[in-house]
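Visitor: with the input below, show me the fold.
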Amino acid sequence: MVSRCLSLFPGASCRRTKAGVRVHTLLDHDGYLPAVVSISPARQHEVKKARSLTLPQGSIVVEDLGNTDYARYTELSRQQVFFVTRQKRNAVYKVLGSRKVNKKQGPIAVQTSRLTGAKAWECPLPFRRSVYQDPETGTRLVFLANHFRLAAKTIADVYKDRWQIESFFRFLKQNLKVKAFIGNSDNAIMTQIYVALIAYLLLCYIKFLCSISVSLQTFMRILPLNLFRTCKIQEFFEPPDLNKVNILISEQLSLALA
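Guide: Sure, this is the predicted structure:
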């Protein structure tokens, strides 16, 4: 969510003293590029947008706790789309079976479970419940998935990649000036966000074509400094040729003496 001042943007109110717009994004794992982007008022929940998406069969969707929707999980399973999410603390379930795990890799338990709480009728299908403990931090996480062949460590790694979408939004706010808006109208706000997204895609595309290994943030900061330089983009990130530098210095000194 992108926060805004309520006095300037009364049409985007989401609380008594706060306003904002919500940018719903589906980030593709291949290249971490936005595949779907939709803008709505902050008071509209992500679940409504998620229900409107049509995903290809065999896809794996990773969502956080805020998007828990058991009815949608059933629909995804029927569409042969896999999901990975976190289990809520107050979830009521019944363990149908368990399997052996290699606890040295982090998994504590892998179980087949089914909901038995108040919303059990929304999702009668069984879940894959994986209890995972991070070997480095000791944090214990419980994941739910409808993919029964993936290893518990793989499911944990898949969910860990969800952090890329947070990095994506942080990059937009910090580097493409989405944090402050130029105009107050809805059209001005959407235009500024979509222009930032277009700039992001162009930067990723140029970086891919040039096969440059630096981070996208470094790439973006170097380009404006070399707008009037006539050379290939790859030369921006290569060490300077000392012979050319010495020749340039000698030419400047001779010019100064003249």
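Visitor: okay, now residue 24: neighbour count?
Guide: 17 (other CB atoms under 10 Å). Quick note: C-beta positions are derived from backbone N, CA and C, even for glycine.
Visitor: quick one: the helix or strand harbouring it to chain centroid distance?
Guide: Using DSSP states H and E, residue 24 falls within strand 19-28. Remark: strand 19-28 is offset 10 Å from the chain centroid, using CA atoms, centre = their mean, to the nearest Å.
Visitor: report the mean per-residue pLDDT for it.
Guide: Averaging pLDDT along strand 19-28 yields 78.
Visitor: what about residue 71, which helix or strand?
Guide: Going by DSSP H and E, residue 71 is in helix 70-78.
Visitor: how about residue 181?
Guide: Using DSSP H and E, residue 181 maps to neither a helix nor a strand.
Visitor: based on its surroundings, how many neighbours for it?
Guide: By the criterion of other CB under 10 Å, residue 181 has 19 neighbours.
Visitor: just the one 5 residues further on next, same as before
Guide: Taking other CB under 10 Å as the neighbour definition, residue 186 ends up with a count of 14.
Visitor: and the pLDDT for it?
Guide: On pLDDT, residue 186 comes in at 78.
Visitor: again, but for residue 143
Guide: Note for residue 143: predicted pLDDT of 89.
Visitor: that one pairs with what?
Guide: Beta bridges link residue 143 to residue 86, residue 130, judged by DSSP bridges.
Visitor: thought it was touching residue 85?
Guide: Yes - here residue 143 lies in contact with residue 85, judged by CB atoms under 8 Å, at a distance of 7.1 Å.
Visitor: what helices or strands is the helix holding residue 71 leaning on?
Guide: helix 46-51, strand 82-86 (3 or more CB pairs under 8 Å, 6 or more residues apart in numbering; DSSP states H and E).
Visitor: those into CSV, with extra columns for mean neighbour count, distance to residue 152 and mean pLDDT?
Guide: CSV is the format used below for the helices and strands packed on helix 70-78 (neighbours: other CB atoms under 10 Å; distance: least, CB to CB, whole Å; pLDDT from 0 to 100):
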stretch, mean neighbour count, distance to residue 152, mean pLDDT
helix 46-51, 14, 25, 76
strand 82-86, 22, 11, 90
